[in-house]
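K.L.:
prediction below, plus the sequence it came from.
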Amino acid sequence: MTEISRSLARGIESQGVSVDLIDGERDINTKLTIYNYIALGAVGTTLFGGKIDPSIPRFLSNSGMVAGKRSFAFLAKKGLRNSKTLRVLMKAMEHEGMFLKLSDVFRIPEEAEAIGKKLHLE
């Protein structure tokens, strides 16, 4: 997940945009209120999909005002039924009022960088 996140950040930075990488497990007191666009990534926690780490919704609920923020949900491909896991992540984001513009599942970091170069952040 770390390498995919870094690759996505490189792609976004190629558009001339500043990017901060935040690890939701380590940076638990980080507030996302100041950000205009939020890309949130996860890895499924089960082989058959449909579950994300429970710390993700907890992090979002404690991260300040995220309602109405434009966002991008992504997964690092793992196991089966990744689209089900992605829907769970998206539901957690929408529960906090985030406005999802795009979602994707990445198999390799190069895919993430390519998408980062094409994201419409404005």
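P.N.:
Good, I have the coordinates. The structure displayed is predicted, hence computed values, not measured ones.

K.L.:
please count neighbours and contacts with C-alpha atoms only from this point.
P.N.:
Fine.

K.L.:
quickly find the element holding Gly41.
P.N.:
strand 37-43 (DSSP states H and E).

K.L.:
how many neighbours does Asp20 have?
P.N.:
Number of residues near Asp20 (other CA atoms under 10 Å) recorded here: 9.

K.L.:
what's the separation between it and Ile38?
P.N.:
Using CA to CA, to the nearest Å, Asp20 is found at 10 Å from Ile38.

K.L.:
what of Lys117?
P.N.:
When distance is defined by CA to CA, Lys117 is 15 Å away from Ile38.

K.L.:
quick check: buried residues in the longest helix anywhere in the chain?
P.N.:
As assigned by DSSP state H, the longest helix anywhere in the chain is helix 82-95. The neighbour-count check on helix 82-95 (16 or more other CA atoms under 10 Å) flags Asn82, Ser83, Thr85, Leu86, Arg87, Val88, Leu89, Met90, Ala92, Met93, Glu94 as buried.

K.L.:
then stretch 40-54?
P.N.:
Within stretch 40-54, the residues scored as buried using 16+ other CA under 10 Å are Leu40, Gly41, Ala42, Val43, Gly44, Gly49, Gly50, Lys51, Ile52.

K.L.:
many thanks, have a good one.
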